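Student: Need a 3D model of the sequence below.
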Amino acid sequence: MTSAITATGLRKTYGTQTVLDGIDLDVPAGTVFALLGPNGAGKTTAVHILSTLVRPDAGSATVAGFDLVRDPDGVRSAIGLTGQFAAVDSLLTGEENLRLMADLRHLGSKAGSRRVAELLDQFELTESARKPLSTYSGGMKRRLDLAMTLIGTPRVIFLDEPTTGLDPRSRQTMWQIVRELVSDGVTILLTTQYLEEADQLADRVAVLDSGRIVGEGAPAELKAQVGSEVLVVRDDSGSTVREIPTDGTAAGLRRALAEVGDGASVDLRTPSLDDVFFSLTGTRKD
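Tutor: Have a look, this model is predicted:
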């Protein structure tokens with residue numbers, strides 16, 4: 001599979017603080033790659049480097065086939081970036097924000113108008129297109145922000161904590177938009193503070209800690225590294241009596257159930273990305 005993003009030995013320091021300590025990445029085209037890590041782990045710095053906002057101190061990278069250092073304009077022509085906070089102009093309407101971005105992308109009047117109409121429809125903003133942003137909810141502003149990122153039909157999109165502060169319904173809407181983008185062949189590099197988000201969306205996950213990648217793989221692979229399924233046995237009061245490891249097979253589950261006495265209730269607990277996060281970084285993500 002063709003790589004949309006590659007990075008080798010990316011390093012960045014600020015004064016005496018090493019923010020990225022030689023990270024390597026390989027993101028296949030048409031996939032979602034998630035960067036997880038505690039606050040200060042280097043996630044946003046990695047996104048800023050790969051989107052040409054910050055120059056690395058060492059290492060090399062390509063994005064959409066363009067060399068990060070030798071051809072930053074090529075990188076910029078192929079990417080879109082949505083940061084942690086919606087970069088919209090609150091003095092304009094939703095449609096005016098999109099038209100401004102279309103003009104900045106030099107789409108021309110007809111092509112720009114057509115693209116704006118397409119995005120308003122895709123992001124379910126047509127009815128609110130000519131309303132001031134003061135009337136928009138947080139979820140609507142985030143959808144508009146992503147729509148503005150898509151004006152130039154980028155092949156690679158960086159989403160830096162795109163659902164921070166959104167309610168569960170708005171978060172689900174954003175997840176569906178991401179899935180649709182990937183089904184159209186777009187590559188997405190995602191940073192998130194929501195482990196469920198990475199579990200739901202990512203084909204592969206890299207865990208950053210103190211500027212280094214301490215774990216990488218598909219979500220299921222990472223979970224398998226920290227343990228197997230466990231049968232949790234509870235008494236009549238609901239208190240946990242014991243935990244019986246299983247091997248994840250039907251036969252293993254039957255053997256575990258055979259050890260459970262009459263009257264007890266059972267739950268099957270599988271490792272989560274929360275367990276992975278804690279195991280690799282020593283930090284419990286609540």
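Student: residues making contact with whatever helix or strand residue 213 lives in?
Tutor: Applying DSSP states H and E as the criterion places residue 213 in strand 212-217. Here strand 212-217 makes contact (C-beta atoms under 8 Å, 6 or more residues apart in numbering) with 21-25, 204-208, 222, 225, 276, 280-281. Heads up, the C-betas are built off the backbone N, CA and C, glycines and all.
Student: ok, now with 7 Å
Tutor: 21, 23, 204, 205, 206, 207, 222, 276, 280, 281 (C-beta atoms under 7 Å, 6 or more residues apart in numbering).
Student: Let me have the residues you listed in CSV, adding secondary structure and pLDDT as columns.
Tutor: Formatted as CSV, the contacts of strand 212-217 follow (DSSP: H, G, I helix; E, B strand; the rest coil; pLDDT from 0 to 100):
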residue, secondary structure, pLDDT
21, strand, 92
23, strand, 93
204, strand, 94
205, strand, 92
206, strand, 92
207, strand, 89
222, helix, 80
276, helix, 75
280, helix, 75
281, helix, 74
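Student: Could you report the neighbour count for residue 75?
Tutor: By other C-beta atoms under 10 Å, 22 other residues sit near residue 75.
Student: mean confidence score for the top helix by length along the chain?
Tutor: Selection of the longest helix in the chain by residue count, based on DSSP state H, yields helix 168-183. Across helix 168-183, pLDDT averages out at 87.
Student: Distance from the chain centre to it, please.
Tutor: Averaged C-alpha coordinates place helix 168-183 at 11 Å from its chain's average position (C-alpha atoms, centre = their mean, to the nearest Å).
Student: And the average pLDDT for the helix or strand that that helix is followed by is what?
Tutor: Counting by DSSP H and E, the next helix or strand C-terminal to helix 168-183 is strand 187-191. Across strand 187-191, pLDDT averages out at 94.
Student: What angle do helix 168-183 and strand 187-191 make with each other?
Tutor: 150 degrees (axes from the mean of the first three to the mean of the last three C-alpha atoms, to 10 degrees).
Student: which neighbours does strand 187-191 have in its sheet, and in what orientation?
Tutor: Note on strand 187-191: by DSSP bridges, its sheet partners are strand 32-36 (parallel), strand 156-160 (parallel).
Student: could the ones you listed go into a markdown table alongside mean pLDDT and mean neighbour count?
Tutor: Putting the strands paired with strand 187-191 into a markdown table (pLDDT from 0 to 100; neighbours: other C-beta atoms under 10 Å) gives the following:
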| stretch | mean pLDDT | mean neighbour count |
| --- | --- | --- |
| strand 32-36 | 93 | 25 |
| strand 156-160 | 92 | 24 |
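Student: can you put those strands in TSV and add distance to residue 167?
Tutor: Output for the strands paired with strand 187-191, formatted as TSV (distance: least, C-beta to C-beta, whole Å):
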stretch	distance to residue 167
strand 32-36	21
strand 156-160	18
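Student: So, low pLDDT: which residues of the stretch 1-150 of the chain?
Tutor: Scanning the stretch 1-150 of the chain for pLDDT under 70 picks out the ranges 1, 84-87.
Student: now the strands: where do they sit in it?
Tutor: Assigned by DSSP state E, counting those that start in this stretch, the strands in the stretch 1-150 of the chain fall at 3-14, 17-28, 32-36, 58-63, 66-67, 79-82.
Student: Kindly compare burial across the ones you listed and name the winner.
Tutor: Most buried of those, by mean neighbour count (mean count of other C-beta atoms under 10 Å): strand 32-36, with a mean of 25.
Student: ok so, going back, among the strands paired with strand 187-191, which comes closest to residue 183?
Tutor: strand 32-36 (10.9 Å; C-beta to C-beta).
Student: give the contact list for the nearest residue to residue 83 once chain neighbours are set aside.
Tutor: Once flanking residues are discounted, residue 83 sits nearest to residue 160: 5.0 Å by C-beta to C-beta, 6 or more residues apart in numbering. Counting by C-beta under 7 Å, 6+ apart, residue 160 touches 44, 47, 82, 83, 84, 191.
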